[in-house]
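[1] output the structure for:
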Amino acid sequence: MLKMLGAVLIITAATLAGWIQAKQYASRPNQIRKLILALRRLQTEIMYGFTPLPDALERIGGQSGEPIRSIFRSAAESMKPGGNRTAQESLHAAVESGWKHTAMKAAEKDVLLQLSYTLGTSDRNDQLGHLETAVRQLESEEAVAREDQARYEKMFKSLGLLCGAFIVILFY
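    Numbering: from 1, shown residues only. Next comes the predicted model:
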């Protein structure tokens, strides 16, 4: 009886580990899409709204879902008069602190960090061009993420169960 309970626990734990890994592959393209939409909204704010950058980032953060929301809101708070940080420093710090809560990889992080170097330092048209470049790069990363999801999501779900069964077989 105790052996059977142990076998069930091992299989359950391995299956859950596989499902958690599969969830990472499923979450990444969705988070990239949210980030693209947030950057598109920022383009609109800069082009038509003439909104100051901290206010625009705050508004965009409010419209985005987590974990994108916390990155933009953190950057906006750092840029406000009490924070005394530049747009580059604020966005860089927000990305570094909030990235661990995302399913995105280093390529997407690099796109945002590159954007932080140009955001708020040039005229409106130049910023719009940099935002468009960032969006295009993120769209290509989203395509890669969707391919990875199609390739690996089902595999990790099955692999978790099979590894659990393999461990049980080895012990018994």
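[2] next one: residue 145 from residue 25, what distance?
    For residue 145, the distance to residue 25 equals 8 Å [Cβ to Cβ, to the nearest Å]. Where you see a C-beta, it was placed from the backbone N, CA and C, and this is true even at glycine.
[3] neighbour count winner among the two?
    Taking other Cβ atoms under 10 Å, residue 145 and residue 25 do not tie; residue 145 has more neighbours (25 against 21).
[4] what sits against the more buried one?
    Listed by Cβ atoms under 8 Å, 6 or more residues apart in numbering, the contact set of residue 145 reads 25, 28-29, 32.
[5] any chance of those in CSV with distance to residue 9 as columns?
    As requested, the contacts of residue 145 are arranged in CSV below (distance: Cβ to Cβ, whole Å):
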residue, distance to residue 9
25, 25
28, 30
29, 33
32, 36
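[6] nearest spatial neighbour of residue 51, chain-adjacent residues omitted?
    Sequence neighbours aside, residue 45 is the residue nearest to residue 51 in space, at 4.7 Å (criterion: Cβ to Cβ, 6 or more residues apart in numbering).
[7] now do the same contact list for the one you found.
    By Cβ under 8 Å, 6+ apart, the contact list for residue 45 reads 51, 56, 59-60.
[8] and it, what's its pLDDT?
    Per-residue pLDDT puts residue 45 at 86.
[9] okay, it and residue 63: tell me how far apart.
    Taking Cβ to Cβ, one finds residue 45 at 10 Å from residue 63.
[10] and the gap between the residue nearest to residue 51 and residue 147?
    From residue 45 to residue 147 the distance is 32 Å (Cβ to Cβ).
[11] residues touching residue 112, list them.
    35, 71, 91, 95, 134.
[12] mind doing that once more with 10 Å?
    35, 39, 71, 75, 91-92, 94-96, 99, 104, 119, 134, 137-138 (Cβ atoms under 10 Å, 6 or more residues apart in numbering).
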